[in-house]
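K.L.:
Structure of the sequence below:
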Amino acid sequence: MAEALLEECLLENMDLLCSSTPLMDKPQARLSKAKGYLNTILSRGRLTPRYLNEALLLMAKVHYVQGRYRDAQGMCARVGLEDLTQDDQPVYHLRLLAEAFIIKGLGGNTNYPRPK
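P.N.:
Residues are numbered from 1 along each chain as shown. From the prediction side, this is the model:
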């Protein structure tokens, strides 16, 4: 649910994202709900490693679109991207990893365009 809400919010706000304008919680109800779901999931602490990594990567994406680059990179660091194997992974998981590597690589450097 969190990922669906996040993706809908991103699609609706493509113009803001393309102009490197961070999204805020209050005017973006879907973003706020997605972030709330992820916070709830992460605070429970009963996730298997795979689902924990997915939740952390989605939260990294939330932080990134909000312009909170250090927080986004912190989420990616918690996952340990370099240690994850890319063999025999579903396409969905590979997409999350690719987005995380983009977040890690771009960080707060505002001279680069944001991922679409």
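K.L.:
Now do the same for S19: its pLDDT.
P.N.:
Reported pLDDT at S19 in the predicted model: 90.
K.L.:
Count the residues that sit near it.
P.N.:
9 (other C-beta atoms under 10 Å). Yep, even glycine has a C-beta here, placed from its N, CA and C like the rest.
K.L.:
That one and H93: what is the separation?
P.N.:
Counting by C-beta to C-beta, to the nearest Å, the separation of S19 from H93 is 30 Å.
K.L.:
for D83, same thing?
P.N.:
With C-beta to C-beta as the criterion, D83 and H93 are 14 Å apart.
K.L.:
try L81
P.N.:
12 Å.
K.L.:
D83 and H93 - which one has more neighbours?
P.N.:
Neighbour totals were compared for D83 and H93, and H93 leads with 16 against 6 (other C-beta under 10 Å).
K.L.:
Report the buried residues of the strand or helix carrying the more buried one.
P.N.:
Applying DSSP states H and E as the criterion places H93 in helix 91-106. The neighbour-count check on helix 91-106 (16 or more other C-beta atoms under 10 Å) flags 93, 96-97, 99-100, 102-104, 106 as buried.
K.L.:
what's the closest of these to E3?
P.N.:
Distances from E3 to the buried residues of helix 91-106, taken as C-beta to C-beta, are shortest for L96 (9.0 Å).
K.L.:
can I assume that closest one is in contact with M59?
P.N.:
No: contact status for L96 versus M59: not in contact, 11.2 Å apart, counting by C-beta atoms under 8 Å.
K.L.:
where do the contact lists of the two overlap?
P.N.:
Common contacts of L96 and M59, defined by C-beta atoms under 8 Å, 6 or more residues apart in numbering, are absent altogether.
K.L.:
residue ranges with poor pLDDT in the chain?
P.N.:
85-87, 106-116 (pLDDT under 70).
K.L.:
Tell me where it has helices.
P.N.:
All helices of the chain, identified by DSSP state H, fall at 2-12, 14-18, 29-44, 49-65, 69-79, 91-106.
K.L.:
among those, which is the most enclosed?
P.N.:
helix 49-65 (a mean of 21; mean count of other C-beta atoms under 10 Å).
K.L.:
Okay, angle between that helix and helix 69-79 too, please.
P.N.:
Angle of helix 49-65 versus helix 69-79, following axes from the mean of the first three to the mean of the last three C-alpha atoms, to 10 degrees, is 170 degrees.
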